[in-house]
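J.: Generate a structure from the sequence data that follows.
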Amino acid sequence: MSIIKIDMNSPEFQVELEKTVKFTDKVIKQFNWVYNPHVEINEGVQMGLTRNKMMYNKRFCPCYMVEEVDGVYKSSDNRMCPCTPAIEKEIPEEGVCHCQIFCTPKYAASLIKSEEIEAVVHQHSRGLSAQECEFLLQKNSVDSDELTSLFEARELGMVNFKVVDVREWMEWKSGRIEGVDALIPTSSFFQTLTEAKLSMDDHIIVYCHVGSRSAHCQRILSDMGYLKVANLQGGIVSYGGTIARG
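T.: Numbering: from 1, shown residues only. Modelled structure (predicted):
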């Protein structure tokens with residue numbers, strides 16, 4: 001199975017996207033939730049919902065895989081927006097759904113405040129030593145500054161690792177982290193994983209839009225025997241480095 005390519009600039013996609021936005025607006029009103037303060041997160045999820053509606057005729061959660069079982073498309077964990085886990089557990093307990101588009105007013109206010117503080121105290125670090133690079137690559141997750149430093153170290157030949165984008169082709173075309181090594185879309189993960197020819201010995205960093213899909217793919221890779229896999233916290237929307245487009 002090759003990578004499925006949907007043109008997000010096509011009239012068909014734009015019409016369906018408008019319907020999806022009206023749908024998420026209705027969900028917000030129905031459950032007294034609010035959108036995530038980060039508009040780009042909401043737009044990314046809305047595009048993913050639109051893509052799934054066009055591909056499967058259902059607004060499956062874009063953060064989970066969709067598989068065909070006996071001729072019927074089903075989402076992992078039965079995630080269809082607004083999904084039951086978000087309604088019954090995630091938002092009541094954590095304040096935000098897995099995809100991060102829907103949250104409580106309290107969570108949204110807290111997120112804005114914490115990021116205001118982080119912007120003041122979190123500065124880009126000095127260049128890393130080889131030992132520090134290896135330490136970072138042993139972690140389960142890295143943040144934007146850490147990945148930027150690792151890229152700098154890789155350019156100097158101090159460390160080797162692979163960066164994998166698990167978003168969809170249209171998201172990749174819209175913007176991707178400069179230096180990424182492979183696109184392995186979640187919707188065709190197992191097929192394109194084979195084509196990517198990753199080694200079990202590679203240090204791998206996966207990322208998606210906000211970190212949800214990539215965390216899911218990270219677990220799958222670990223279960224398959226890839227034991228050196230880290231996830232980019234916050235996904236591409238949190239990344240402060242260079243973004244390639246086109």
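
J.: And the contacts of the helix ranked longest in the chain?
T.: Taking DSSP state H as the criterion, the chain has its longest helix at helix 11-31. The contact list for helix 11-31 (Cβ atoms under 8 Å, 6 or more residues apart in numbering) reads 6-8, 33-35, 42, 45-47, 49-51, 53-54, 59, 81-82, 87, 91, 101-102. For glycine as for every other residue, the C-beta is placed from the backbone atoms N, C-alpha and C.

J.: Show me the residue sitting in the middle of this structure in space.
T.: Here the mean C-alpha position of the chain is nearest to the C-alpha of Cys208 (Cα atoms, centre = their mean), at a distance of 2.5 Å.

J.: per-residue confidence at the closest residue to that residue other than its chain neighbours?
T.: Once flanking residues are discounted, Cys208 sits nearest to Ser214: 4.2 Å by Cβ to Cβ, 6 or more residues apart in numbering. With respect to pLDDT, Ser214 has a value of 95.

J.: and the next element down the chain from the helix or strand that contains Ser214?
T.: Using DSSP states H and E, the element containing Ser214 is helix 212-224. Counting by DSSP H and E, the next helix or strand C-terminal to helix 212-224 is strand 229-232.

J.: For that next one, output the C-alpha coordinates as CSV.
T.: Extracted C-alpha coordinates of strand 229-232, given in CSV (Å, rounded to 0.1, in the frame of the first residue of the first chain):
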residue,chain,number,x,y,z
VAL,A,229,12.7,5.2,20.2
ALA,A,230,12.0,8.6,21.6
ASN,A,231,8.9,10.9,21.1
LEU,A,232,9.1,14.6,20.4
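
J.: Adjacent strands (with direction) for that strand?
T.: strand 141-142 (parallel), strand 204-207 (parallel) (DSSP bridges).

J.: Tell me which helix or strand comes right after the lowest-mean-pLDDT helix or strand in the chain.
T.: Ranked by mean pLDDT, DSSP states H and E, the weakest helix or strand in the chain is helix 105-121, scoring a mean of 73. The C-terminal neighbour of helix 105-121 among helices and strands, as given by DSSP H and E, is helix 130-137.

J.: Would you mind pulling the contact partners of that following helix?
T.: With Cβ under 8 Å, 6+ apart, helix 130-137 has contacts from 128, 142, 146, 149-150, 153, 158-159, 161, 203, 228, 230.

J.: Could you identify the least confident member of these?
T.: Sorting the contacts of helix 130-137 by pLDDT puts Leu128 at the bottom of the list (70).

J.: Ala230 and Leu221: what is the separation?
T.: Using Cβ to Cβ, to the nearest Å, Ala230 is found at 10 Å from Leu221.

J.: so where's the protein uncertain?
T.: 1-2, 114-127 (pLDDT under 70).
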